[in-house]
Each structure stands twice: as C-alpha cells, then as structure tokens.
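J.: Predicted model, plus sequence, below.
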Amino acid sequence: MRVPRGTQYLCAHMQVIEIIKDALTAGKTRFTFELLPPLKGDGVAGVFEAIDPLMEFGPAYINVTYHREDVKYVERPGGLLEKRVVRRRPGTVGISAAIMKRYGVEVVPHLICGGLSRYDIEDALIDMDFLGISNVLALRGDNRRGERTFTPQPDGHTYAEELVRQIVDMNNGVFVDGEVEECHHSQFCIGVAGYPEKHAESPNPDADIRALKAKVDAGASYISTQMSFDNRRIFDFIDRCRAAGIDVPIIPGIKPFSTKSQLSLLPQTFHVDLPQDLVAEVEKCRDNRAVRQVGVEWAIQQARELRAAGVPVIHFYTMGKTDNVYNIAKEIF
Ligand code: FAD
C-alpha cells in the first residue's frame with residue numbers, strides 16, 4: 001500500500017490484532033520493522049530519518065525494542081576496576097509515543113522482565129496507556145551481559161508468561177497492589193516472541209512450543225518470531241504451532257543480512273542457522289556493500305514466498321538501519 005511521501009498515514013489507535021485480521025481479510029501482506037531507541041544523549045532525529053523513507057509503503061505498525069541496563073567497568077586510580085550499571089538506550093515508551101504522534105502509525109513498544117520489578121513494569125504500562133499506546137510485545141529479555149542464566153529482578157518475573165499475565169490483569173483492573181474497583185481499564189493487545197529454530201535455552205523444540213502455548217493461553221493475541229533466513233524453518237514452525245493448538249496469527253521475522261562478520265555473529269547471538277546458499281553468496285562478496293546487496297536479494301525472495309503463503313505481516317529486523325528494508329519494501333509492498 002503506497003502512501004505519498006510526507007502524507008501522514010492515519011490510523012486511530014488500533015490494536016495490532018485488528019490490523020493483522022484486516023490484512024488477512026484483505027489478503028494483503030503488510031510489513032512492520034523494529035527500531036532501537038537512540039543511544040543516551042542522542043535525540044530522536046536519527047530514528048525519524050530511519051522511518052521517513054519507509055512511510056511511503058504504509059507499514060502496519062512499528063516496533064521499538066527495550067534495552068535493559070548494562071554493566072561497565074571503569075578503571076580507578078591505582079588500577080582498581082569499578083563496576084557501574086549503565087543504561088545505554090533508555091526511552092522506549094517516550095520514543096514510541098513520539099513516533100506515533102509524528103506519523104500517526106501504531107507502535108509496539110517492547111517490554112521485558114529483565115531488570116524490572118512488577119512495579120516498574122506497571123509504571124511503564126501506565127505511561128503507555130496515558131500516551132494512547134495500546135500494543136505491547138511482552139518478552140523476558142536476554143540475560144544480563146556476562147551472566148549465563150537469566151536472573152529475575154527481586155519482585156520481578158522469571159518468564160514472559162508471567163509478564164503477559166500481569167498485563168492481562170491490568171487490563172482487567174487488577175494492579176500489583178490489588179484490584180481497583182472503579183478504574184479505567186487499559187486495553188493492551190499483547191504480542192509474544194516465538195522461535196522457529198528454538199530458543200537457545202529450551203531443552204527441545206516441543207518444550208519450546210509448550211512454553212509458547214502457555215504465553216498464548218495466558219492472553220497473548222499474536223506471535224512475532226525470531227529472525228530466520230530459511231522459510232522452510234518458518235513454515236515448519238507454523239505447522240508445529242498449529243498442531244500444538246496455537247491458533248493466533250504468527251508474524252515471521254526476517255533480517256536483511258548486511259556484513260560479513262554476521263556469518264558468525266548472527267548464529268552466535270540469535271542461535272539461528274544460515275542456509276549454505278546464503279553463506280556461499282556472502283563469502284563471494286568483496287566488501288560489505290556487496291554483502292548488503294546479497295542480503296536485500298535474499299530477503300526479497302523470502303518476503304515474496306511468505307507473501308505467496310498468505311502471511312499477514314512480515315517483521316523486519318533493522319538494527320536501526322533501514323536503507324536495505326527500503327530496497328526490499330520497494331519490491332514487495
Ligand atoms: P520466555 O518466553 O520467558 O522464554 C525463555 C525461555 O524459557 C525459553 O527457553 C522458554 O522455552 C523457557 N520457558 C518459558 N516459560 C517457561 C516455564 N514456565 N518453565 C520453564 N521454561 C520456560 N530482548 C530484549 O532484551 N529487548 C527486546 O526488545 C527484544 N525484542 C525481541 C523481539 C522479538 C520478536 C524476539 C523474538 C526476541 C526479542 N528479544 C528482545 C529477545 C528475547 O528477550 C530473548 O530471546 C529472551 O532470551 C527470551 O525471551 P522470551 O520472551 O521468548 O522468553
């Protein structure tokens with residue numbers, strides 16, 4: 001769906017599940033992409049620059065990632081190392097509201113369990129609700145850097161399923177402190193993460209699907225998947241979800257491959273396999289410009305096939321850079 005550049009793409013606060021259902025009814029595949037909040041100290045300009053060109057293609061909604069605190073070691077006089085907790089990318093809720101206000105497009109801020117107590121989570125949800133945001137992607141979040149296992153915050157959640165329950169409770173007027181009888185009810189539409197190639201910590205694919213079903217049974221309306229470079233893995237995942245009784249929409253995630261170093265970084269970080277044909281094409285490239293082109297062509301093929309299969313929305317992982325998503329959107333949407 002092409003919208004003239006500069007035109008606001010209007011939508012009056014829709015839940016993502018309604019957007020997905022509309023896409024299914026219309027038989028038209030749409031797309032979403034995710035952005036990172038700016039690094040602390042940066043303004044919003046870079047984020048808007050990344051979004052501006054893509055508005056021409058009418059994204060279904062825009063995801064904004066959530067980043068937990070990090071640990072930094074600073075050398076003190078005498079050589080001692082001081083451990084400091086730093087938050088490099090705060091502002092997920094604020095930047096989501098700024099995007100919604102500027103473009104009139106729905107936003108999906110991510111919300112994680114890591115580093116947040118149930119009270120912190122409730123505060124973030126209340127802010128979102130005040131700002132007119134009615135969508136959220138509920139995640140556990142990654143382990144803190146340097147930690148091998150996930151440590152929940154005191155009075156926080158261990159699994160995303162518990163976060164989903166907290167959001168559903170709040171929609172029903174049940175807050176962390178208890179029920180508020182006469183209250184405004186938030187109406188968050190909740191998405192959760194799914195893993196076509198299995199979550200790294202899961203003992204096996206069936207256990208992972210059972211954990212996913214628990215999140216859907218707890219109240220999630222749709223699933224957004226981890227990136228996969230192999231549509232067969234995505235289709236197989238959808239089949240396994242359906243066989244397990246998961247009947248909510250599944251939004252496949254694809255990432256345009258962009259640098260040679262990703263040959264090892266992506267499997268290491270996201271625990272996904274890279275198909276041999278893709279690896280061979282990337283290895284032939286003389287520089288990262290050529291790799292970016294291979295990544296765009298690969299993603300176009302994936303997107304064409306997903307569209308032919310009737311997928312309602314495709315989620316693009318951008319890592320903050322959208323020129324390659326622009327080149328894909330130009331061909332597909
Ligand atoms: P969970 O669903 O809680 O699952 C975590 C692990 O525990 C899995 O192995 C699961 O099988 C298992 N499990 C779940 N429930 C149970 C249970 N009851 N008993 C035993 N085992 C269980 N991370 C960020 O920090 N910020 C982001 O913005 C962000 N965005 C993301 C967007 C998408 C679309 C995806 C796919 C991932 C994103 N992530 C993000 C990464 C995500 O936080 C990590 O993959 C994290 O390790 C798991 O999150 P989850 O919500 O899938 O966790």
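T.: That came through fine. Here the structure is a predicted model, which means the values were calculated and not measured.
J.: neighbours of V64, just the number please.
T.: Burial of V64 is recorded as 25 neighbouring residues (other CB atoms under 10 Å). C-beta: built from backbone N, CA, C; applies to glycine.
J.: Show me the beta-bridge partners of it.
T.: According to DSSP bridges, the partner residues bridging V64 are L35, P109.
J.: my hunch is that A138 is in a strand, does that hold up?
T.: Yes - according to DSSP: H, G, I helix; E, B strand; the rest coil, A138 belongs to a strand.
J.: got the contact list for it?
T.: When contacts are counted by CB atoms under 8 Å, 6 or more residues apart in numbering, A138 touches L111, A160, L163, V164, I167, I190, G191, V192, K215, A220.
J.: Let me have those in a markdown table, adding neighbour count, secondary structure and distance to P77 as columns.
T.: Formatted as a markdown table, the contacts of A138 follow (neighbours: other CB atoms under 10 Å; DSSP: H, G, I helix; E, B strand; the rest coil; distance: CB to CB, whole Å):
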| residue | neighbour count | secondary structure | distance to P77 |
| --- | --- | --- | --- |
| L111 | 25 | strand | 40 |
| A160 | 25 | helix | 43 |
| L163 | 29 | helix | 43 |
| V164 | 26 | helix | 48 |
| I167 | 22 | helix | 47 |
| I190 | 27 | strand | 49 |
| G191 | 29 | strand | 48 |
| V192 | 25 | strand | 48 |
| K215 | 27 | helix | 49 |
| A220 | 29 | coil | 51 |
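J.: ok, which of the residues you listed also contact the ligand?
T.: Restricting the contacts of A138 to those near the ligand by CB under 6 Å from any ligand atom leaves A160, K215.
J.: Tell me the one among the contacts of A138 nearest to the ligand.
T.: Of all these, the ligand sits closest to A160, with 3.4 Å by CB to the nearest ligand atom.
J.: which of the contacts of A138 sit farthest apart?
T.: L111 and K215 (13.4 Å; CB to CB).
J.: give me every residue that touches I209.
T.: Applying CB under 8 Å, 6+ apart, the residues near I209 are R240, C241, A244, I246.
J.: How about the backbone phi and psi for it?
T.: For I209, the backbone dihedrals (degrees, to the nearest 10) come out as phi -70, psi -40.
J.: Distance check, it against Q226.
T.: Remark: distance between I209 and Q226 (CB to CB, to the nearest Å) = 14 Å.
J.: now do P249
T.: P249 sits 16 Å away from Q226, taking CB to CB as the criterion.
J.: The two: which has the busier surroundings?
T.: Q226 (22 against 19).
J.: Tell me, how many residues neighbour F257?
T.: F257 has 26 neighbours, counted by other CB under 10 Å.
J.: Give me the phi and psi angles of the nearest residue to it once chain neighbours are set aside.
T.: Nearest residue to F257, sequence neighbours excluded (CB to CB, 6 or more residues apart in numbering): G295, at 3.4 Å. The phi/psi pair for G295 (degrees, to the nearest 10) reads phi -60, psi -40.
J.: Mind checking what secondary structure the residue of the chain most remote from its centre has?
T.: Distance from the C-alpha centroid of the chain, by CA atoms, centre = their mean, peaks at G78 (43.2 Å). Of the three states, G78 takes coil under three-state DSSP.
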